[in-house]
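**Q** Provide a 3D model corresponding to the input given below.
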Amino acid sequence: MTAGAPLLKTWLITGASSGIGFSVTNQLLQRGHKVVALVRSPHKLKALSDQYPTTLFVLKLDLRQSDKIAPAIHHAFQLAGGIDILLSCAGYALVGAAEELDDTAIRAHITTNLLAPIYLAKAVLPYFRKQKSGHILHISSEGGQITYPSASIYHASKWGAEGFFDALAKEVQNLGIQVTLIEPGRIKTEFDNNAVIIEPLLDDYRKTTVGTYLRLLTMGRFPMIGDPDKVAQMIIKITTDKNSPLRLILGSDSYKNIIRETEKRLQTAKLQQQSSKNTDMNFIDDD
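**A** Coordinates of the predicted model:
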């Protein structure tokens with residue numbers, strides 16, 4: 001490596017066969033980095049594997065099989081000779097009124113979107129802790145800070161992941177390990193096409209916000225303005241920073257929505273400054 005050239009790293013990426021995960025994988029390989037891709041369908045990466053036979057390692061893993069995650073991580077570290085960065089991209093949207101979602105769909109979604117990223121992080125931590133370095137990145141969403149009707153379980157997974165990785169960052173901050181939540185808005189990928197959509201059966205939901213949201217979604221009223229290749233560039237860039245942000249907002253739509261909702265929550269909280277004291281043990285009600 002020539003003087004001043006960027007340090008080549010090894011990435012472990014889930015969801016590498018499509019969307020943001022694929023864009024990051026492709027760009028990393030073009031720059032000479034190594035990638036271990038954990039995917040359900042390895043054949044989707046065959047062309048890339050043929051092009052980069054010595055720097056792309058493809059392992060089959062269904063993230064819904066939680067007991068297979070730790071062994072897969074162990075295999076990945078052995079295969080690549082070490083991992084510097086974990087990027088957790090795999091996930092999908094479950095859309096429909098909460099009351100009408102069946103238990104199987106809910107469990108499958110939470111297992112993939114929330115439990116799998118937690119187990120992945122837990123599995124890499126012993127290695128990162130031993131090497132006193134490592135960076136864990138998780139693709140969250142503007143949906144980890146805001147909500148839409150008909151996406152309650154999706155938001156549960158994203159808000160849950162936000163809480164987990166926020167706390168995890170505090171646990172490992174003195175161990176040489178960084179954590180970053182990526183919060184994109186609407187990115188032009190196959191995300192909508194891969195969503196599991198449960199159309200409302202009850203009139204109450206067809207006639208209220210759930211039905212309205214689904215109709216607007218079908219009409220294209222929520223345009224995909226984000227470029228996945230530009231998103232990938234930003235994700236790669238922050239891993240070169242000495243102190244990466246805990247949260248990285250990507251997309252003007254995500255920024256606008258997160259700022260609006262954060263300001264509303266802050267305003268509501270401030271209105272309760274006095275009433276919040278009423279439950280303190282030493283509070284005396286003068287009235």
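**Q** which strands and helices sit next to the top helix by length along the chain?
**A** Across the chain, the longest stretch assigned as helix under DSSP state H is helix 152-172. For helix 152-172, the helices and strands in contact under the criterion 3 or more CB pairs under 8 Å, 6 or more residues apart in numbering; DSSP states H and E are strand 94-95, helix 103-110, helix 116-131, strand 134-139, strand 177-184. Every C-beta, even on glycine, is put in place using the N, C-alpha and C of the backbone.
**Q** what about that helix, average pLDDT?
**A** Over the span of helix 152-172, the pLDDT mean works out to 97.
**Q** in that helix, what counts as buried?
**A** In terms of neighbour count (16 or more other CB atoms under 10 Å), helix 152-172 has its buried residues at 152-162, 164-165, 168-169, 172.
**Q** Between those residues, which sits nearest Arg206?
**A** Here the nearest of the buried residues of helix 152-172 to Arg206, counting by CB to CB, is Ser152; it sits at 16.7 Å.
**Q** In space, what's closest to that closest one - neighbours in sequence excluded?
**A** Excluding its sequence neighbours, the residue lying closest to Ser152 (CB to CB, 6 or more residues apart in numbering) is Ala98, at 4.4 Å.
**Q** cool, Met234 as well?
**A** Counting by CB to CB, 6+ apart, Leu250 is the residue found nearest to Met234 once chain neighbours are left out, at 5.8 Å.
**Q** burial measure for Leu137, as a count.
**A** Neighbours of Leu137 under the rule other CB atoms under 10 Å: 25.
**Q** make that Arg40, sorry
**A** The burial count assigned to Arg40 is 15, neighbours taken as other CB under 10 Å.
**Q** can you pull out the helices in the stretch 151-287 of the chain?
**A** Along the stretch 151-287 of the chain, counting by DSSP state H, counting those that start in this stretch, helices occupy 152-172, 203-206, 209-218, 228-238, 252-270.
**Q** how about CSV for those, with distance to Thr279 added?
**A** Conversion of the helices of the stretch 151-287 of the chain to CSV gives the following (distance: least, CB to CB, whole Å):
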stretch, distance to Thr279
helix 152-172, 23
helix 203-206, 36
helix 209-218, 33
helix 228-238, 41
helix 252-270, 15
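**Q** Just want the most central residue of the chain.
**A** When CA atoms, centre = their mean is applied to the chain, the residue found nearest the centroid is Ile139 (2.1 Å).
**Q** pLDDT wise, what is the closest residue to Ala169 other than its chain neighbours at?
**A** Take Ala169 and drop its neighbours on the chain: the residue closest to it by CB to CB, 6+ apart is Val179, 3.8 Å away. What the model reports for Val179 is a pLDDT of 98.
**Q** So the residue nearest to Met234 sits against Gly185, correct?
**A** Yes: look at Leu250 against Gly185 with CB atoms under 8 Å: they come within range, at 7.0 Å.
**Q** list residues touching both of the two?
**A** Counting by CB atoms under 8 Å, 6 or more residues apart in numbering, the contacts common to Leu250 and Gly185 are Gly226.
**Q** does Val58 belong to a helix or a strand, and which?
**A** Of the helices and strands defined by DSSP states H and E, Val58 is found in strand 56-60.
**Q** which element follows that strand toward the C-terminus?
**A** As assigned by DSSP H and E, the chain's next helix or strand after strand 56-60 is helix 69-80.
**Q** Parallel or antiparallel, list what pairs with the very next helix or strand once past that following helix.
**A** Downstream of helix 69-80, the next assigned helix or strand under DSSP H and E is strand 85-88. Strand 85-88 has its sheet partners listed here by DSSP bridges as strand 10-14 (parallel), strand 134-139 (parallel).
**Q** ok, and the closest non-adjacent residue to Arg64?
**A** In space, Arg64 comes closest to Thr111 once its chain neighbours are excluded; the distance is 5.2 Å by CB to CB, 6+ apart.
**Q** tell me the contacts of the one you found?
**A** With contact set as CB under 8 Å, 6+ apart, Thr111 has these partners: Leu63, Arg64, Ser66.
**Q** redo that, cut-off 10 Å
**A** Contacts for Thr111 were tallied using CB atoms under 10 Å, 6 or more residues apart in numbering; they are Leu63, Arg64, Gln65, Ser66, Tyr119, Ser157.
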